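1. Return a 3D structure for these sequence lines:
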Amino acid sequence: MGANTSQVSDLSESQSIRTLIGPDAISENEPFWNQLISFTFTSPTCSADAKLLEEAVVPLAKTLIQNNPRSGNFGALVRVFLSRTKELKISTECQDQLFIWQAHNALFLVRCLLKVFIREMSEEELHLQFSYQERVPGTYDSICKDLLEELVCNLVHLIVEVPLLDITYNILFEAVTTLLVLMSYQLFHKEVLREGLIYGYLTRGRCLSLTSRLVKTLLYNFIRQEKCPAATHVLQTQSDGGGLLYGLASGVASGLWSVFTLGGVSSRPGAEQDQNPLPLSNQSLLLLLVLANLTDGADCPNPYRQAVTCFKNTQDSSSLPSPQPHTFQINFNSLYTALYEQQKSDQVTLLLYTLLHQNSNMRTYILSRTDMENLVLPILEILYHVEERNSHHVYMALIILLILTEDDTFNRSIHEVMLKNISWYTERVLTEISLGSLLILVVIRTIQFNMTRTRDKYLHTNCLAALANMSAQFRNLHQYAAQRIISLFALLSKKHNKVLEQATQSLHGPLGADDRTVLPDYAQDLNVIEEVIRMMLEIINSCLSTSLHHNPNLLYALLYKRELFEQFRSHPSFQDIMQNLDTVIGFFSQRLEQAGSDLSVERVQEVIKKGAAALPKERLKKFPELKFKYVEEEQPEDFFIPYVWSLVFNSGVGLCWNSQGIELFSMDSP
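-> Next comes the predicted model:
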C-alpha cells in the first residue's frame, strides 16, 4: 500500500504489507508506519467486492498470526493508531485532514486484521496477540498496559469526543465498525455469550462512565442520517498550491474519503451495496442494538440497556434527578421523525420496539403525538407485505401495534384520522378510510396469510390481541373493514367444520398405527381453531356491547351473514358469548321484518341506525373488558441476540463474513 491508490489485488503484492506481516519487528518510530498508512483504497460497491477484500486479507492475517509472537508488529500497529488519536480532537479543530486520514487508515488495517483474528482464535488468544511486542535487549518494560482494553476505550472515546464533520465521517464510521467487529465473537458461538474480556471492558471499568454519552452519540448518528461526504468536497490541496504533506499527489486526494465507506445495507449474496447512502447511521444503529441487547452480568445489569431505558426528552424541564444510572436527554421530536422516516428496515423497527417496550418516557411521548399516522402507516405497510418480510420483522411490527393498542387514547384517536388513497394497499381502492379501519384490515389480512401459509400460533395470538384491545373503541368502521371481520369469521367457521369432519372420519375409520399418530394432530388443530373463533366472537361482542350505535357497517355485515353463527349457538365453548350475538341478531332481524321485504341497502342501514339507538343495553350480558398486554418471554436474549446479529451479518456496511463459520443462527434465518 503506500501513497498510491490501492486495489484488493495489490494487497498481497504490497511491500509495506509484506513487511508488516513478516517476522521482523518494526519500531514504532520508523518512517515505515507513515508509508504504510498513507494510502487510498477503491471502495467496494457491492457484497461481491467486500467478499474479495475478505478473501485477500485472510491469508495475510494468518501469516501475521504466525509471525506476530516474534515481531509484535500487530501491537505496534495498534500503538501507532493510538498515538495518532491522542490529538484527533485538536486535529479536527485545526482541520488537519492528513492526520485524521492516517489515523483512519491505521484503524482500517487494525479492523481488517481483527476480523480474521476473531474468527481464528479465542478471546484469550486474541489478548495475547495484543501483548506481543518488540523486546530491545537489555531493556525491561515495567509499564505493561492492557493494549486491547486501551483500544476498546480509545474507540469509545473517539466516538463520543470527535464531532461529526465531513472530515471525520470516515474515522467515526471505522471506530463504530471496529467495535462491532470486536464484539463479533458472538457470531461464532451457538449459545448466548454472557461474559468475556471485551464485554467486561465495555460494561465495567473505564468505559462505564461513558455509557450514556456513547448511547446518546449513536442515537444522534442515527437521527442525523448524514450521508457519506463526497470525496471531492472533503480533502483540498493546500491554499499555496503545494501538494499535501509527505508529497501526496492531488490525484490520491480525489478518492481519499471514499475509503471503505460502503454504500450498502446487505451482505446477502447478490444484494448490491450501493442502496444505503447512510453508512454511519446504519452502523451506529446496529452497534446500539448490539450493546442494548448484551446480557446482564452476574454482578451488574447491562448499563447500555439502562441508558436506553431511561433517557428523557430535552424538552423535559423536570429538575428532579433521575434515580436511574446512565440517564441523559435527547430531542424526542428528532428521534420520532427519524423512526418513522426510516421504518422500512429491520433494525429501525427493532429500535422502535425497544424504545416503546423499555423506555416509558419515549412511549408516553409517541402516544401523545397528533400525527400518529406517520409512525403507524409504515408499520402497517411492513405487515401488508408480510410475504416479502422475514418472520422476525413481522413479529416486531405486530408487537409494536400490540403495545400501541394497550392505550385507549390511541385506540380512539386512530378512528378520527382520515386517510386518502393508500397506494400500497392493492386489494381494493380505498379512496378514504380511517387509520383505525386500515389497521383492522391489515391485521386481518395478516391472520389470513398466516392461516394459509405459516400457521404460526404466536402470530395469531398477537394479531387477535391487538384487535381485542381495539374492539371496545371501534368507531365508524369502514364498510370494507366490517366485511373483512365477518369474512374472517366465515373462513374460520369453514376451517373448523373441515377439521371436525376429518377428525370424525379418523375416529370412525380403521385404527392402524398411523391413525393413532394422526388423531392428536386433529385434536390440536381443532383446539387452536376454536380458540381463535372464541376470540373473534369476543371481539365482535366487545364492539357490539360498547359501541353498537357507532358501527352500523359492522351490524349490517353481521346481519347479512347471520347464518354463519347458528352452528355455534349450542357449542359448549361458545354458548355464553353467543347469547349477546343472538340477542342483537334477533332484535335487528325482527326490526327488518317489520320494515317489509325487498329492502334497499339504504333502507336496511336506516333501520339499523334507528335500531341501534333503541336496543336496551341491559339485555346484553356484561363480559370482562378485553385487554391484552405484551410481555416478553423469559430469557428474551435467546430471541433478540441471534436476531440482532443476523441484522449485523446481513446489513453491516462493509462487513462480509463467511457463512460457514456462523454458529449463532442458521443461514436461512432472517
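
2. So for Thr517, what's the pLDDT?
-> pLDDT for Thr517: 50.

3. same check, this time on Leu82
-> Per-residue confidence (pLDDT) for Leu82: 94.

4. Hmm, Glu149 and it touching each other?
-> No: here Leu82 does not reach Glu149: they are 11.4 Å apart, not a contact under C-beta atoms under 8 Å. C-beta coordinates here come from the backbone N, C-alpha and C atoms, glycine included.

5. Which parts of the stretch 401-550 of the chain are helices?
-> Counting by DSSP state H, counting those that start in this stretch, the stretch 401-550 of the chain has helices at residues 408-413, 435-452, 457-471, 479-508, 513-547.

6. And the contacts of the first one?
-> Spelled out, that is helix 408-413. 367, 372, 404-405, 436, 469-470, 472-473, 475 (C-beta atoms under 8 Å, 6 or more residues apart in numbering).

7. all strands of the protein, in order?
-> Assigned by DSSP state E, the chain shows strands spanning 5-6, 40-41, 312-313, 329-330, 418-420, 432-434.

8. Would you mind finding the most buried of those strands?
-> Mean neighbour count (mean count of other C-beta atoms under 10 Å) peaks for strand 40-41 among the strands of the chain, with a mean of 22.

9. and that strand, what's its mean pLDDT?
-> Mean predicted lDDT for strand 40-41 stands at 72.

10. So what's the residue count around Ile379?
-> A count of nearby residues for Ile379, using other C-beta atoms under 10 Å, gives 21.

11. same thing with Ser317?
-> So Ser317, with other C-beta under 10 Å, has 6 neighbours.

12. Can you tell me the closest non-neighbouring residue to Leu355?
-> Leaving aside its chain neighbours, Leu355 sits nearest to Met362 (4.4 Å; criterion: C-beta to C-beta, 6 or more residues apart in numbering).

13. What about that neighbour, how many residues nearby?
-> Around Met362 there are 25 other residues, counting by other C-beta under 10 Å.

14. i'd like the first residue to be 22 from this point on
-> All right, first residue 22 from here; so that's Met383.

15. Surely it touches Tyr374?
-> No: using C-beta under 8 Å, Met383 is not in contact with Tyr374; the gap is 11.4 Å.

16. returning to what we had before: dump the strands of the chain into JSON lines; add distance to Phe660 as well.
-> Formatted as JSON lines, these follow (distance: least, C-beta to C-beta, whole Å):
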{"stretch": "strand 26-27", "distance to Phe660": "42"}
{"stretch": "strand 61-62", "distance to Phe660": "38"}
{"stretch": "strand 333-334", "distance to Phe660": "28"}
{"stretch": "strand 350-351", "distance to Phe660": "27"}
{"stretch": "strand 439-441", "distance to Phe660": "33"}
{"stretch": "strand 453-455", "distance to Phe660": "34"}
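
17. Of all those, which one is nearest Glu584?
-> Shortest separation from Glu584 across these is recorded for strand 453-455, at 28.2 Å, computed as C-beta to C-beta.

18. Parallel or antiparallel, list what pairs with that closest one.
-> Using DSSP bridges, strand 453-455 pairs in its sheet with strand 439-441 (antiparallel).

19. Need the contact partners of the strand it pairs with.
-> Around strand 439-441, the neighbours that count as contacts under C-beta under 8 Å, 6+ apart are 394, 398, 451-456, 459.

20. Looking at those, which is nearest Trp445?
-> Out of the contacts of strand 439-441, the member with the shortest distance to Trp445 (by C-beta to C-beta) is Leu398, at 8.9 Å.

21. Contact partners for the residue nearest to Ala359 when sequence neighbours are not counted?
-> With sequence-adjacent residues excluded and distances taken as C-beta to C-beta, 6+ apart, Ala359 is closest to Ile244, at 4.6 Å. Listed by C-beta under 8 Å, 6+ apart, the contact set of Ile244 reads 351-352, 355-356, 358-359.

22. Against Ile192, how distant is Ile244?
-> 20 Å (C-beta to C-beta, to the nearest Å).

23. any weak-confidence spans in the stretch 372-521 of the chain?
-> Scanning the stretch 372-521 of the chain for pLDDT under 70 picks out 475.

24. if we go to 80?
-> 473-478 (pLDDT under 80).

25. Now Arg624: closest residue in space, sequence neighbours ignored.
-> Among residues not flanking Arg624 along the chain, Ala616 sits closest, at 6.7 Å (C-beta to C-beta, 6+ apart).

26. whoops, I mixed them up, Lys516
-> Spatial nearest neighbour of Lys516, excluding adjacent residues (C-beta to C-beta, 6+ apart): Ile550 at 5.7 Å.

27. Just flag the most distant two among the contacts of Ile244.
-> Of all pairs drawn from those, the greatest distance, 12.5 Å, lies between Ile351 and Thr358 (C-beta to C-beta).

28. how's the chain carved up into domains?
-> 29-153+166-253+298-346+662-672, 352-492, 505-527+542-646 (the TED database).

29. Would you reformat those domains as TSV and include distance to Glu684?
-> Converted to TSV, the domains of the chain look like this (distance: least, C-beta to C-beta, whole Å):
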stretch	distance to Glu684
domain 29-153+166-253+298-346+662-672	4
domain 352-492	18
domain 505-527+542-646	33
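
30. residue contacts, the residue nearest to Leu376?
-> If a contact means C-beta under 8 Å, 6+ apart, then Met383 has 332, 353, 356, 376-377 as its contacts.

31. Show me the shaky parts of the stretch 22-171 of the chain.
-> Within the stretch 22-171 of the chain, the segments meeting pLDDT under 80 span 22-35, 60-72, 110, 117, 154-166.

32. now the helices: where do they sit in it?
-> Listed in chain order, the helices of the stretch 22-171 of the chain (DSSP H, counting those that start in this stretch) span residues 36-42, 53-57, 68-92, 94-106, 109-114, 118-141, 144-152, 168-182.

33. what helices or strands is the longest one leaning on?
-> Right, the one you point to is helix 68-92. helix 36-42, helix 94-106, helix 118-141, helix 144-152 (3 or more C-beta pairs under 8 Å, 6 or more residues apart in numbering; DSSP states H and E).

34. Same list (those) but as JSON lines, adding distance to Val669 and mean neighbour count.
-> Output for those, formatted as JSON lines (distance: least, C-beta to C-beta, whole Å; neighbours: other C-beta atoms under 10 Å):
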{"stretch": "helix 36-42", "distance to Val669": "27", "mean neighbour count": "18"}
{"stretch": "helix 94-106", "distance to Val669": "23", "mean neighbour count": "22"}
{"stretch": "helix 118-141", "distance to Val669": "12", "mean neighbour count": "22"}
{"stretch": "helix 144-152", "distance to Val669": "18", "mean neighbour count": "16"}
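
35. Looking at the ones you listed, spot the one closest to Ala502.
-> That would be helix 118-141 among the helices and strands packed on helix 68-92, by C-beta to C-beta, at 50.8 Å.

36. The closest one vs helix 168-182, what angle?
-> 130 degrees (axes from the mean of the first three to the mean of the last three C-alpha atoms, to 10 degrees).

37. For helix 118-141, name the packing helices and strands.
-> Using 3+ C-beta pairs under 8 Å, 6+ apart, the elements in contact with helix 118-141 are helix 53-57, helix 68-92, helix 94-106, helix 109-114, helix 144-152, helix 190-203.
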